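*Asks:* the following block contains a protein sequence and its predicted model.
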Amino acid sequence: MRQTKQIKRIMQMEENLDAAKEVLERFRKALDDYTMIQDTILELEAYYASDWRKDFEADEAGKLPEDLKRGVLSEDGLYDVLEENRLTASDALYSLAQMIGQGIL
């Protein structure tokens, strides 16, 4: 009976190990991608703070080509991406604080 209990425990821990490795690999890739996109997000923030209003008004006045992709000019689109970036960073910091509090880091 002890052998069966031990084998079940080892099998469960093996499943846990495989799951953790898979998630950590995906997370590392996502974290690398997130880190790399930050310069682009800074560009978007600078655009939103400077030329965005002028471009938005030109679009509203019909001064831009009809076939121009203009998702960046939607009233909420750019703001939502910038806010999502801030929330994602905040969530990451919260998770790190939790891990530190639990003695994981």
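*Replies:* Ah, there it is.
*Asks:* low-confidence ranges, the chain, go.
*Replies:* 1-2 (pLDDT under 70).
*Asks:* again, only this time at 90
*Replies:* Low-confidence regions of the chain, defined by pLDDT under 90, span residues 1-3, 75, 103-105.
*Asks:* helices along that one, start to end?
*Replies:* 2-49, 52-60, 77-101 (DSSP state H).
*Asks:* residues touching Leu64, list them.
*Replies:* Counting by CB atoms under 8 Å, 6 or more residues apart in numbering, Leu64 touches 55, 58, 70. C-beta coordinates here come from the backbone N, C-alpha and C atoms, glycine included.
*Asks:* mind running it again at 7 Å?
*Replies:* 58, 70 (CB atoms under 7 Å, 6 or more residues apart in numbering).
*Asks:* Glu66: which of the helices of the chain is closest?
*Replies:* Closest to Glu66 of the helices of the chain is helix 52-60 (CB to CB; 10.3 Å).
*Asks:* and the contacts of the closest one?
*Replies:* Applying CB under 7 Å, 6+ apart, the contact partners of helix 52-60 are 64, 70, 73, 78.
*Asks:* what's the answer for stretch 76-94, then?
*Replies:* Identification of contacts with stretch 76-94 by CB under 7 Å, 6+ apart yields 41, 44-45, 48, 52, 71-72.
*Asks:* pull out the buried positions in it.
*Replies:* For stretch 76-94, the neighbour count (16 or more other CB atoms under 10 Å) marks 78, 85 as buried.
*Asks:* now it, how far from the centre of its chain.
*Replies:* Relative to the chain's own centre, stretch 76-94 is displaced by 8 Å; criterion: CA atoms, centre = their mean, to the nearest Å.
*Asks:* could we number from 13 for the rest of this?
*Replies:* That works, and once the first residue is 13, the last one we named lands at stretch 88-106.
*Asks:* one step back: need the contacts of helix 64-72 in a markdown table (columns: distance to Arg40).
*Replies:* Listed next are the contacts of helix 64-72 as a markdown table, based on distance: CB to CB, whole Å:
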| residue | distance to Arg40 |
| --- | --- |
| Leu76 | 40 |
| Arg82 | 35 |
| Leu85 | 35 |
| Leu90 | 28 |
